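Trainee: Predicted model, plus sequence, below.
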Amino acid sequence: MFRRKVKAPDGKKWTLGRHWLPRRKRFKKLDLRDANPDVGFPDIGGDDLGIFGVIIAAIAGLIVAAFLVLLFFNVFALALELMLVIVIALAGIIGRVVFRRPWIVFAKAGDTRHEWPVVGYFNSRRQIQEIAGQLALGTQLEPAPLDRR
């Protein structure tokens, strides 16, 4: 993310930059008390052996799970991370270049925040320089379609 700091004549310190993605919306916290309280444990069998069968099955399950985790976790995690990085990078490049998805150029000072959609990386850099020049001269920023205060 590219960031630039500008001080306006009125003393406000502005931070200018661009985002790959728009800001995420915040969700309310989930109240788990509303979940279904009637859900019980699944029946895994072992009724003939009683509690000893459950204990033996739990120990055997833990041993098998630990073995599988130690065996496959590192390879799986590495492959998954590498695939995730490649897919996200390709999607970002395709979205920005092929589909001409705009960059979000922003200017913020305290609680004041302005955002503009700008198509093209070099156009977004030019827009940031223009906004920095306007702020340095003390010009009021024009509202944009994405303005959020």
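Mentor: Looks like it arrived, so ask away.

Trainee: How are the strands of the chain distributed by residue range?
Mentor: Along the chain, the stretches classed as strands by DSSP state E are 3-7, 13-19, 103-109, 112-118.

Trainee: what angle do the first one and strand 103-109 make?
Mentor: Relative orientation of strand 3-7 versus strand 103-109 (axes from the mean of the first three to the mean of the last three CA atoms, to 10 degrees): 30 degrees.

Trainee: helices and strands around the helix or strand of the chain with the lowest mean pLDDT, which ones?
Mentor: Across the helices and strands of the chain, mean pLDDT, DSSP states H and E gives its lowest value to strand 3-7, namely a mean of 86. Contacts defined by 3 or more CB pairs under 8 Å, 6 or more residues apart in numbering; DSSP states H and E place strand 3-7 against strand 13-19, helix 121-137. Where you see a C-beta, it was placed from the backbone N, CA and C, and this is true even at glycine.

Trainee: Paired strands for the first one, with orientation please.
Mentor: Next to strand 13-19 in the sheet, as set by DSSP bridges, lie strand 3-7 (antiparallel), strand 103-109 (antiparallel).

Trainee: got the angle for that strand vs helix 121-137?
Mentor: Using the same axes, to 10 degrees: strand 13-19 against helix 121-137 is 170 degrees.

Trainee: As PDB, could you dump the C-alpha coordinates of strand 13-19?
Mentor: Provided in PDB are the C-alpha atoms of strand 13-19 (Å, rounded to 0.1, in the frame of the first residue of the first chain):
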ATOM      1  CA  LYS A  13      -2.200  16.200   8.800                       C
ATOM      2  CA  TRP A  14      -3.600  14.200   5.900                       C
ATOM      3  CA  THR A  15      -2.600  10.600   5.000                       C
ATOM      4  CA  LEU A  16      -3.100   9.800   1.300                       C
ATOM      5  CA  GLY A  17      -2.900   6.400  -0.300                       C
ATOM      6  CA  ARG A  18      -4.500   3.600  -2.300                       C
ATOM      7  CA  HIS A  19      -6.100   0.300  -1.300                       C
END
